[in-house]
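Asks: okay, predicted coordinates and the sequence, questions at the end:
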Amino acid sequence: METAANPSPSRYEAQKRRDWNTFSQYLNNHRPPLPLPRCNGAHVLDFLRYLDQFGKTKVHIPTCPFHGLPNPPAPCPCPVRQAWGSLDALIGRLRAAFEENGGRPESNPFGARAVRIYLREVREMQAKARGISYDKKKRRKTSGAALS
């Protein structure tokens with residue numbers, strides 16, 4: 001039983017710790033093993049591509065007859081990948097964990113430009129493959145008179 005002085009971690013904190021342990025294991029299994037200070041955005045991209053093999057989101061390739069259909073009527077051989085939302089959340093947790101584990105914010109590989117570009121490309125590719133638009137919605141300006 002947890003005490004008030006040592007409460008159980010939040011779901012977010014527990015997930016962040018699991019994600020950090022998974023990434024650390026990935027670095028240890030890298031050939032040759034890769035120390036954290038030498039990790040860069042390219043290594044993060046390799047890790048994200050490695051995770052695709054464990055994904056559950058069907059991503060139709062452009063030549064698939066179901067490409068662009070939100071609800072395909074039959075199975076197809078297209079690959080499963082990690083969903084964009086899962087990758088985006090993972091990067092956010094790992095970005096925080098990097099700094100909590102002694103990394104300097106200015107050298108955080110999870111915030112690298114290449115990682116941001118990769119996430120944007122994954123989002124766009126998955127949106128097209130599923131026939132979903134991810135266009136940004138314009139925010140309406142609210143006036144003070146509308147609030148009364």
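Replies: Yes, it's here.

Asks: enumerate every residue touching the residue most central in space within the chain.
Replies: Taking C-alpha atoms, centre = their mean as the criterion, Leu87 is the residue nearest the geometric centre of the chain, at 1.4 Å. Applying C-beta atoms under 8 Å, 6 or more residues apart in numbering, we find Leu87 in contact with 48, 51, 119, 122. No exception for glycine: its C-beta is placed from N, CA and C like everyone else's.

Asks: show me what the one helix or strand Arg120 maps to is packed up against.
Replies: Using DSSP states H and E, Arg120 falls within helix 113-130. For helix 113-130, the packing partners by 3 or more C-beta pairs under 8 Å, 6 or more residues apart in numbering; DSSP states H and E come out as helix 41-51, helix 84-100.

Asks: ranking helices and strands of the chain by mean pLDDT, which lands last?
Replies: Every helix and strand of the chain was ranked by mean pLDDT, DSSP states H and E. The lowest is strand 57-58, at a mean of 84.
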